[in-house]
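1. build me a structure from this.
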Amino acid sequence: DLLQRVIAALEASKASDPKYAVVVKCLRERDWLGLGCIIFSQYRDSVWWLAQQLTAEFPNEPIGLYSGPTTSGLMQGGEWKSTSREHLKEMVRRGDLRLLLGTDAASEGLNLQRLARLINLDLPWNPTRLEQRKGRIQRIGQQHSRIEIYNMRYKGSVEDRVHELLSSRLQSI
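-> Reported below is the predicted structural model:
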């Protein structure tokens, strides 16, 4: 009975995730979608959930999910299509894909100069990993005069403390 109540509470809170609300606000009101955006999470379950939510919010927008070699693909209009990571990179390069969700598999070796915005849904503990994420869009050939990054965290949480530590480490570096 207790486990069922916990599951019910978790299910109820999925619909009102404050991070999701901020993602939608950035994409829609700040026009980060129009400028091209990559959203990172350490967890595939998180980007999968986000893709499912965003496809309902933006049904005509193709949403790339860049993760493992066999788990990457496109979500559009609620439908999933397995797609190679190479195809996703090519779509971004051509300007056919403005929204890419990625696990840390996307934090190395990608040239995504067409995208101007980055959202970190969660923060890695390693400052090098955070810099690698930023390096996907902050590259020679960046097509926009400035990039913007939004590091999400829950105030007063472990994430907040991680952000504080990462910030001090990055300043030292």
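2. strands along this protein, start to end?
-> Taking DSSP state E, the strands of the chain run over residues 37-40, 63-66, 73-76, 79-82, 99-102, 117-120, 148-151.
3. show the pLDDT at the spatially most central residue of the chain.
-> The residue lying closest to the centre of the chain (CA atoms, centre = their mean) is I39, at 1.5 Å. pLDDT for I39: 95.
4. contact partners for it?
-> If a contact means CB atoms under 8 Å, 6 or more residues apart in numbering, then I39 has 23, 47, 50, 99-102, 118-121 as its contacts. Placement of C-beta: from N, CA and C, glycine included.
5. got a markdown table for the strands of the chain, with distance to P18 too?
-> Output for these, formatted as a markdown table (distance: least, CB to CB, whole Å):
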| stretch | distance to P18 |
| --- | --- |
| strand 37-40 | 15 |
| strand 63-66 | 21 |
| strand 73-76 | 22 |
| strand 79-82 | 26 |
| strand 99-102 | 18 |
| strand 117-120 | 13 |
| strand 148-151 | 13 |
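6. worst average pLDDT in these?
-> strand 148-151 (a mean of 88).
7. relative to the whole chain's centre, how far out is that strand?
-> 10 Å (CA atoms, centre = their mean, to the nearest Å).
8. show me what it is packed up against.
-> strand 117-120 (3 or more CB pairs under 8 Å, 6 or more residues apart in numbering; DSSP states H and E).
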